[in-house]
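>>> model this:
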Amino acid sequence: MKLITFTEQNQTRVGAVVDNAVIDGLGNPAIPDSMIAFLSAGTQALQAMQQLIDSGEHRLALADVQLHAPIPRPPKYLAIALNYADHIAETGKAKPEYPTFFTKQSTCVIGAGAAIQMPKVSDKLDYEGELAFVIGKRCRHVSVENAHEVIAGFMIANDVSVRDWQARSPTMMIGKSFDTCGPLGPWLVTSDDILDPHNLSLKTWVDDELRQNASTAEMLFNCYEMVAYLSTAMTLEVGDVISTGTPSGVGVKMTPRGYLKVGQTVRIAIEGIGELVNTVVAEPE
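I've put the predicted structure just below:
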């Protein structure tokens, strides 16, 4: 199931996508309006949405709605650094012994089709195509073997980075958290539709130029290991977003530098999920 957060006629709510149609849960008491509430409702909400899908009713044209990030304001947005061997090689850094996480502030999050803003204070804006997943159950001390049970689904992330601001601090947080630097989407594909999240092709284009071409099979630490590691230290909550790292091909490591420019479009495709597309604009006054 492809779950979305969308706005239609000034009302924002949860729905599902089938082909080019949006299944609208508006007015159904079993389908909450927010994605976090929907995921918290568990099987009841999923079954209600599936019944709507099966009914063939309550449909809108996908082109007539505004998509938002599936989780517009995640409780936590955690991202792993240096999780692909080829990306580690292009950075010249050592392979990490343990997963290395940083935070992206939730105000950076935007959805598919929304504009990425070129900051007034920097022209070193970069892309990072990544697989992300969403926590579906509040949990702590989850084993690797049971981690799949707390993952609600998967989506595409663009870990947009302002490289000079990222380099100012070991935590990288400021450079990773500029407004609009967190595209997520286009929808949340529930875990039952992703047979193996660790064997998906991942590609990133800037305009028509293929910049990244990899497989999630190349991750050093897989999704389940990330859940186990993080939940050892902290409670993971419904709606938390965890992004799983980027492969080689980022702009900062190209010769000459391949930083994004105003007017360019970033398109990230992940097998089994779809495409996340965002265009760069100048930060408005």
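>>> tell me how far the host helix or strand of residue 153 is from the chain's mean position?
Residue 153 is part of strand 151-158, with elements assigned from DSSP states H and E. Remark: strand 151-158 is offset 5 Å from the chain centroid, using Cα atoms, centre = their mean, to the nearest Å.
>>> go on, stretch 253-264?
In terms of Cα atoms, centre = their mean, the centre of stretch 253-264 is set 22 Å apart from its chain centre.
>>> so in that sheet, which strands flank the strand holding residue 153, and in what orientation?
The sheet places strand 151-158 alongside strand 129-135 (antiparallel), strand 182-190 (antiparallel), with pairing taken from DSSP bridges.
>>> in TSV: those, plus distance to residue 122.
(Each C-beta comes from the backbone N, C-alpha and C, glycine too.) Formatted as TSV, the strands paired with strand 151-158 follow (distance: least, Cβ to Cβ, whole Å):
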stretch	distance to residue 122
strand 129-135	21
strand 182-190	16
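>>> residue 216: which of these is closest?
strand 129-135 (5.4 Å; Cβ to Cβ).
>>> run through the stretch 151-285 of the chain and note the low-pLDDT ranges.
Within the stretch 151-285 of the chain, not a single segment meets pLDDT under 70.
>>> on that earlier part again, make CSV out of the strands paired with strand 151-158 and add distance to residue 115 and mean neighbour count.
Converted to CSV, these look like this (distance: least, Cβ to Cβ, whole Å; neighbours: other Cβ atoms under 10 Å):
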stretch, distance to residue 115, mean neighbour count
strand 129-135, 18, 27
strand 182-190, 10, 27
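>>> which parts of the strand holding residue 153 are buried?
Residues of strand 151-158 classed as buried by neighbour count (16 or more other Cβ atoms under 10 Å): 151-158.
>>> check stretch 87-104 too.
87-88, 90, 99, 102, 104.
>>> ok, stretch 38-56 next?
38-41, 45-46, 48-49, 52-53.
>>> okay, those in a markdown table with distance to residue 77 and pLDDT next?
Formatted as a markdown table, the buried residues of stretch 38-56 follow (distance: Cβ to Cβ, whole Å; pLDDT from 0 to 100):
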| residue | distance to residue 77 | pLDDT |
| --- | --- | --- |
| 38 | 19 | 98 |
| 39 | 16 | 98 |
| 40 | 18 | 98 |
| 41 | 22 | 97 |
| 45 | 23 | 97 |
| 46 | 24 | 97 |
| 48 | 28 | 97 |
| 49 | 25 | 97 |
| 52 | 29 | 95 |
| 53 | 29 | 96 |
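>>> select from the residues you listed every entry located in helices.
38-41, 45-46, 48-49, 52-53 (DSSP state H).
>>> what sits against the nearest residue to residue 99 once chain neighbours are set aside?
Excluding the flanking residues, the one nearest residue 99 by Cβ to Cβ, 6 or more residues apart in numbering is residue 221, at 4.8 Å. Neighbouring residues of residue 221 by Cβ atoms under 8 Å, 6 or more residues apart in numbering: 80, 83, 99, 229.
>>> could you look up the SS state of residue 221?
Using DSSP: H, G, I helix; E, B strand; the rest coil, the structure places residue 221 in coil.
>>> what distance do you get for it to residue 67?
Distance, residue 221 to residue 67, using Cβ to Cβ, to the nearest Å: 30 Å.
>>> circling back: max pairwise distance over the ones in helices among the buried residues of stretch 38-56: which two?
40 and 53 (20.4 Å).
>>> ok, which stretches of the stretch 51-200 of the chain are helices?
In the stretch 51-200 of the chain, the segments counted as helices under DSSP state H, counting those that start in this stretch are 85-91, 163-166, 173-176.
>>> thought residue 160 was touching residue 182?
Yes. Between residue 160 and residue 182 there is a contact at 6.9 Å, judged by Cβ atoms under 8 Å.
>>> which neighbours do the two share?
Joint contacts of residue 160 and residue 182 (Cβ under 8 Å, 6+ apart) are residue 108.
>>> name the residues of stretch 160-171 that come out as buried.
160-163, 165-166.
>>> distance between it and the chain's centre?
That offset, for stretch 160-171, works out to 19 Å (Cα atoms, centre = their mean).
>>> please begin residue numbering at 36 from this point
Got it, first residue is 36 now, which makes that one stretch 195-206.
>>> now tell me what touches that stretch from outside.
Counting by Cβ under 8 Å, 6+ apart, 137-138, 143, 151, 154, 156-157, 159-163, 207, 209-211, 213, 215-218, 287, 294 sit against stretch 195-206.
>>> among those, which ones are buried?
For the contacts of stretch 195-206, buried by 16+ other Cβ under 10 Å: 137, 143, 151, 154, 157, 159-163, 207, 210-211, 213, 215-218, 287, 294.
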